[in-house]
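Peer 1: Need coordinates for the below:
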Amino acid sequence: MSLTAALIYWVIIALWLAVLFTVCVAYVRNPRTFGAVRLLLSVILIDTLRNIIENLYFGLYFGGQYGLFPAAIVGVLSNPGYLILPKVMNVIAACAVLGLLVLRWLPRASKERAEADADIRLKTEALNQETEERRTLFETSLDLIMVIDRTGTIRRASPSSLTTIGYLPAEMIGRSSAEFISPEYLESTLREMQLARTGQHMRNCETRFVHKNGRTVPLALSGVWSEPEQKHFFFGRDMTERQVAEEQLRHLAHFDQLTGLPNRVSLQQDIDRLLKARAGDPAGAIALAMLDLEGFKDVSDTLGQPVGDSLLQEAARRLTSVSDDARVYRLDGGEFVLLLKNCGDPLIATGVVESILKGLSAHFDLDGHQLFVAASVGLAMAPADGANAHDLLANADLALHDAKASGSRSCRLYVPTLRAKAKHRRELDTELRRACANQEFVLYFQPQVRTSDGALTGAEALLRWHHPERGILEPGAFIDALCKSAVAIETGRWILTSACKTAASWCAKGLPPIRMGVNLFPAQFRNGSLLQDVEQALSESGLRPEALELEITENIALGREDGTLSPLRELRTRGVGIAFDDFGTGYASLSYLTRYPLTQIKIDRSFIQKIGGQSAAEDMALVRSIIVMGRNLGLEVIAEGVETTAQADFLRAEGCPELQGFLFSKPLPASEFEHYLRSGNFKGYQPGLAKSGQQQGKSGHSAHITP
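Peer 2: Below is the predicted model:
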């Protein structure tokens, strides 16, 4: 029994050694483990060492007594000083453990407890804040929020239900959601709810709820199905304001805001719809009348935009009252369109147009102003003149262009030749732009002679186009298009500068000084740079201002007196001559003679051509009157288009100071005209001595650059 007790000590030693080994192995394998349980392991280590030492002592002591170890060991270990060692070890171990508990464990435990409490408090506050935010969001949301169970019963509703569909949440809870859905949207909405249960998100499902007052409210429903809670969570946004805004945008896109009439977009859609619906039906033809208020821009410019707007509104009212079968549209500015259904007869359509023009002919009384406007109308019939909106509108516009060209208050029906003309104008404009860029324009010069002695007094610079394929072209083939082209200003500057430089070069060569006549484009007045252009041309060429004469026509002056008179008066004060070309062909020419700073008037060739052996007395009287009038006004007079000796004799006898025409010379290139100046064969003109070949000049070929 005593041996067994001795062995027990060694068993205890082995067990505590195993504990010590396990702790050491654990530390070696994972040192970070000791960061959290360092205190506990320290206590275990202390107690382990104490137990090992204590049990080692008693194991050796009792082992010596029972013959396991030498008996001398018993004598040594039985020393009272050694017997006290295990107890001392127990005391040291107890003190170490107590010190660790007091100095390390208790402070750390308190700190960890405080940290844990703080963490719990922060998480609790965050959870409470999140709960409060969700509650606030639920209660203040403008969208309708509903919680619906799997049976379709509403379990919760946000307070916004009152403003959205007129019900308090308490009135909705416990009732089926189907009671609030509009019947025509019930099936589709329930179908979307069933799909949501399969895991699909319900996004902006368009539906309508019935308001408490009976009206329907458009809603966009979005939501999810929660499988754990077996509930739907829905958000319903009221789309009433959005639909109103969309309707306003749709109205803005399809209607004119000033007159309230449908616009070009509506017109194109209506035409295409009518043509598609009535395809193949002869009785389904339609007529399109495009109308332009002439003078509208002048009203806006002179009386102000409000008066112009009132004019358009009143014109729209008159147009809509013309016919119940016609729908009126406004395009841009003063352009309107009438769409006549079931109207395949041009005579009927023309009759409606005549009623339109008659209705617009009466004066407009607007803000104390009595206004009169004219209108031109272009008419196109469908499907003959266009199988779609684009073609029909384009052809009506061509007819309108033709009507405006023929005069106000007229109507023109589209014919295929108009498109050919338009194509020619477009191609010609393209060629003119190329000609300007490639410097294909050249100047010819026609002499002007004095009747008293046949001396050459001046030359008129005339434009020619050296076309790369068609050769030299005279102005009649392109001048109208050039006047309207974007390159008119650039070409006019080139003519002015080139003519001045040519005249200056002749003077520098010692040739007789002459006056250089240059025709002007209307565009040179519209852009306001005429004065600067003339000054630059004179400066670059060195030509005296007195040697330059600018020729204007009535179409330049008409309607632009303020923009025309100012630069002309300034140029006249500097010595530049101003000639009125094609005199007698305009209805207001006489009034311009007193207002414009003119130095010369040019009798149009159409009057000169009527002078001959069989001339009527009134034709000769008219030319005679122009000569006398010019003399009385102190203006020089020159007759254009003189082609026969009889014409020259008559003009000389009537006292016309200067003549110009094929009788003396056709227009010549600069080099030939210079030779003409040097030869002097223009001197000593006497009646009856003109060359026979020059008596039959082609009328009109001296070609002015303005119509």
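
Peer 1: C-alpha only now, for contacts and for neighbours.
Peer 2: OK.

Peer 1: How far does the helix or strand where Tyr676 lies sit from its chain's centre?
Peer 2: Per DSSP states H and E, Tyr676 falls inside helix 670-679. Mean C-alpha position of helix 670-679 versus that of the full chain (CA atoms, centre = their mean, to the nearest Å) differs by 56 Å.

Peer 1: in that helix, what counts as buried?
Peer 2: 670, 673-674, 677 (16 or more other CA atoms under 10 Å).

Peer 1: Check stretch 223-243 too.
Peer 2: Neighbour counts over stretch 223-243 (16+ other CA under 10 Å) mark 223-225, 231-232, 234-239 as buried.

Peer 1: which of the residues in stretch 578-585 are buried?
Peer 2: 578-584.

Peer 1: Nearest to Gln129 among the buried residues of helix 670-679?
Peer 2: For these, the closest approach to Gln129 (CA to CA) belongs to Ala670, at 96.5 Å.

Peer 1: helix/strand/coil for the closest residue to Met620 other than its chain neighbours?
Peer 2: In space, not counting the residues next to it along the chain, Met620 is nearest to Ile611; the distance is 6.4 Å by CA to CA, 6 or more residues apart in numbering. Under the three-state scheme (DSSP: H, G, I helix; E, B strand; the rest coil), Ile611 adopts coil.

Peer 1: so where's the stretch 501-650 of the chain uncertain?
Peer 2: Low-confidence segments of the stretch 501-650 of the chain (pLDDT under 70): 557-563, 584-591, 613.

Peer 1: what about the helices in it?
Peer 2: All helices of the stretch 501-650 of the chain, identified by DSSP state H, counting those that start in this stretch, fall at 523-526, 530-541, 554-557, 561-573, 589-595, 605-608, 617-632, 645-653.

Peer 1: which intervals of the stretch 251-400 of the chain have sub-threshold pLDDT?
Peer 2: With pLDDT under 70 as the threshold, the stretch 251-400 of the chain has low-confidence stretches at 280-284.

Peer 1: Now for the residue nearest to Met620: which residues touch it?
Peer 2: By CA atoms under 8 Å, 6 or more residues apart in numbering, the contact set of Ile611 is 619-620, 646-647.

Peer 1: returning to what we had before: export the helices of the stretch 501-650 of the chain to a markdown table and tack on distance to Thr259 and mean neighbour count?
Peer 2: Conversion of the helices of the stretch 501-650 of the chain to a markdown table gives the following (distance: least, CA to CA, whole Å; neighbours: other CA atoms under 10 Å):
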| stretch | distance to Thr259 | mean neighbour count |
| --- | --- | --- |
| helix 523-526 | 31 | 19 |
| helix 530-541 | 40 | 17 |
| helix 554-557 | 34 | 18 |
| helix 561-573 | 33 | 16 |
| helix 589-595 | 40 | 13 |
| helix 605-608 | 48 | 19 |
| helix 617-632 | 51 | 15 |
| helix 645-653 | 60 | 19 |
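
Peer 1: could you dump those to CSV with distance to Gly308?
Peer 2: Putting these into CSV (distance: least, CA to CA, whole Å) gives the following:
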stretch, distance to Gly308
helix 523-526, 22
helix 530-541, 31
helix 554-557, 25
helix 561-573, 22
helix 589-595, 29
helix 605-608, 41
helix 617-632, 42
helix 645-653, 51
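
Peer 1: Between the ones you listed, which one is closest to Gly368.
Peer 2: helix 561-573 (25.5 Å).

Peer 1: Kindly calculate the angle that the closest one makes with helix 530-541.
Peer 2: Angle between the axes of helix 561-573 and helix 530-541 is 30 degrees (criterion: axes from the mean of the first three to the mean of the last three CA atoms, to 10 degrees).

Peer 1: Could you point out which of the helices of the stretch 501-650 of the chain sits nearest Glu115?
Peer 2: Relative to Glu115, the nearest member of the helices of the stretch 501-650 of the chain by CA to CA is helix 523-526, separated by 87.1 Å.

Peer 1: Now do the helices in the stretch 1-150 of the chain.
Peer 2: Along the stretch 1-150 of the chain, the stretches classed as helices by DSSP H, counting those that start in this stretch are 2-29, 33-65, 72-77, 80-99, 106-140.

Peer 1: Since that was my last question, I'll sign off now.
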